[in-house]
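Trainee: Structure for this input, please:
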Amino acid sequence: RLLFCGPPGCGKSLTAEVLAKELELPFMVAKLDALIGSMLGETASNLRRLFDAAERQTSILFLDEFDALARTRSDPTEHNEMRRVVNNLLLMIERFKGRGFIVAATNLESTIDPAIIRRFDEVVLFGRPSASDIRRLIKFKIRNFGLEFDVSPDAKQLVGRSHADVERICNTAMRRAIMQDRKKISRLDFDYAINSDRRRKDIQSKVSSSV
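Mentor: Residues are numbered from 1 along each chain as shown. Below you'll find the model as predicted:
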């Protein structure tokens, strides 16, 4: 039983997929929009069927956005039905007898009920990449292109971004180079990609603050 914690875009879901691939096990992804029902007892029943299926077949059962199911029972904003769901989830995790893995992932580990966290054998923290990580990631993502400049200063500038952010910047730079009919990524291509990422972040911040 593994719990992956950390900011979005830092590889929690990808790691679960790679684990399944390396162990050659089926990868069962729980769709929370299908699990959480509006009727009394519906969510708990859906969870029970999911865990039963995972016990019947050795697999990786992946519960993404786990905080939506396992929110702390002391949260005054939660209603009694979700508290019952947490109680049921505690028992299901504890009594799970399958031969595979339960892997849960969350961006909001502080909101998860402490009793559920204790049911996991390992809690793995995912962090944002360092400058050296970013440099290696950039070089890996654009390995089929050449670079006309040293990317080290950009890697330092991008510290604080997630792996997914860096990958998106690389993809934007490659698309711009292709559109300009170039086989190497120029300084202008990469600057354009970084500025596009900044605009995206600014828009996200404005949308979040208006909600």
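Trainee: got a list of what residue 138 touches?
Mentor: 151, 154-155, 166, 170 (CB atoms under 8 Å, 6 or more residues apart in numbering). All C-beta atoms are positioned from the backbone trio N, CA, C, and that covers glycine.
Trainee: Show me how far the helix or strand harbouring it is from its chain's centre.
Mentor: Under the criterion of DSSP states H and E, residue 138 resides in helix 131-141. Taking the mean of its C-alpha atoms, helix 131-141 sits 19 Å from the chain's own mean (CA atoms, centre = their mean, to the nearest Å).
Trainee: Stretch 57-76 too?
Mentor: That offset, for stretch 57-76, works out to 13 Å (CA atoms, centre = their mean).
Trainee: Pull out the buried residues from it.
Mentor: The neighbour-count check on stretch 57-76 (16 or more other CB atoms under 10 Å) flags 59-73 as buried.
Trainee: show me what contacts residue 129?
Mentor: Contacts of residue 129 (CB under 8 Å, 6+ apart): 10, 137, 159, 161-163, 166.
Trainee: Of those residues, just the buried ones, ChimeraX syntax please.
Mentor: Restricted to buried positions by 16+ other CB under 10 Å, the ChimeraX selection for those reads:
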select :10,137,161,162,163,166
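Trainee: Need the contacts of residue 129 in a markdown table (columns: distance to residue 41).
Mentor: A markdown table is the format used below for the contacts of residue 129 (distance: CB to CB, whole Å):
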| residue | distance to residue 41 |
| --- | --- |
| 10 | 35 |
| 137 | 45 |
| 159 | 47 |
| 161 | 43 |
| 162 | 38 |
| 163 | 39 |
| 166 | 44 |
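Trainee: Right, I'll leave it there.
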